[in-house]
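S.K.: Predicted model and sequence follow; I will ask about them next.
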Amino acid sequence: MRVDVLHGPNLNLLGEREPTVYGKATLAEIDSRLMAIGAELSCEVRTFQSNHEGALVDYLHATRRLADAYILNPAGYTHTSVALRDAVIAVAKPAIEVHLSNTDAREAFRHKSLLADVVLGRIQGLGAQGYEWALRALVAHLRAGQQA
Ligand code: DQA
C-alpha cells in the first residue's frame, strides 16, 4: 500500500511562513512524521512539494499507477486550479484534501475549493495533525476496500 502526499506552493516555507496561521512545524517535520506513521501502519509514504501547478499535475500523472491514494494540500491552487482538479479526476484514486488552516474562517476567496467535490474527504484547521488523520483515514479506507 502506498500513499503519496502533495504539498503546493509556499508550503516549503512552513515554520517561518505566518506561524500564527500555519503553525511552527516545518515541512520536513510534517513529512518525517507521516513516514513514521506510515511505517507503523505498513504503508509506504512518499512526499512531494512544488511551487508550480504543472509540476503537481505531472506528479499525479507519473505516480498514477504507483500510488493507491493521495493526500493533497494544493495551497493557493486549491482555490484556482481547474488543471489540478482535472488531474485528480483523471488519476481516479481516493484523495483527502488537507489544509493546515480553516479556510472557511478566512478570506472569502479561500472558501471555494475546486477539489472539494472530487475528493473522498477534507480536513482543515487542525494544523499539521490534519495530515496524520488523513493518512490514517486513507489506510483504513484502502483496507476496507481490500476486504470487500
Ligand atoms: C492552505 C490554505 C490556502 O488557502 C493557502 O493558500 C495556503 C495554505 C492551508 O494549508 O491552510 O497556502 O492550503
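M.R.: Sure, I can see it. Residues are numbered from 1 along each chain as shown.
S.K.: From here on, just use CA atoms for contacts and neighbour counts.
M.R.: Fine.
S.K.: sec struct for the spatially most central residue of the chain, please.
M.R.: Central residue check for the chain by CA atoms, centre = their mean: the C-alpha nearest the mean position is that of residue 72, 2.1 Å away. For residue 72, the assignment made with DSSP: H, G, I helix; E, B strand; the rest coil gives strand.
S.K.: Quick check: bridge partners of it?
M.R.: Beta bridges link residue 72 to residue 6, residue 97 when assigned by DSSP bridges.
S.K.: go on, residue 46?
M.R.: Taking DSSP bridges, one finds residue 4 as the beta-bridge partners of residue 46.
S.K.: So it sits against residue 7, correct?
M.R.: No - Residue 46 is not in contact with residue 7 according to CA atoms under 8 Å; the separation is 11.2 Å.
S.K.: The two: which is more packed in?
M.R.: Legend: neighbour count by other CA atoms under 10 Å for residue 46 and residue 7, higher for residue 7 (21 against 16).
S.K.: Contact partners for the more buried one?
M.R.: Contacts for residue 7 were tallied using CA atoms under 8 Å, 6 or more residues apart in numbering; they are 47-50, 72-75.
S.K.: gap between it and residue 15?
M.R.: Distance check for residue 7 against residue 15: by CA to CA, to the nearest Å, it reads 14 Å.
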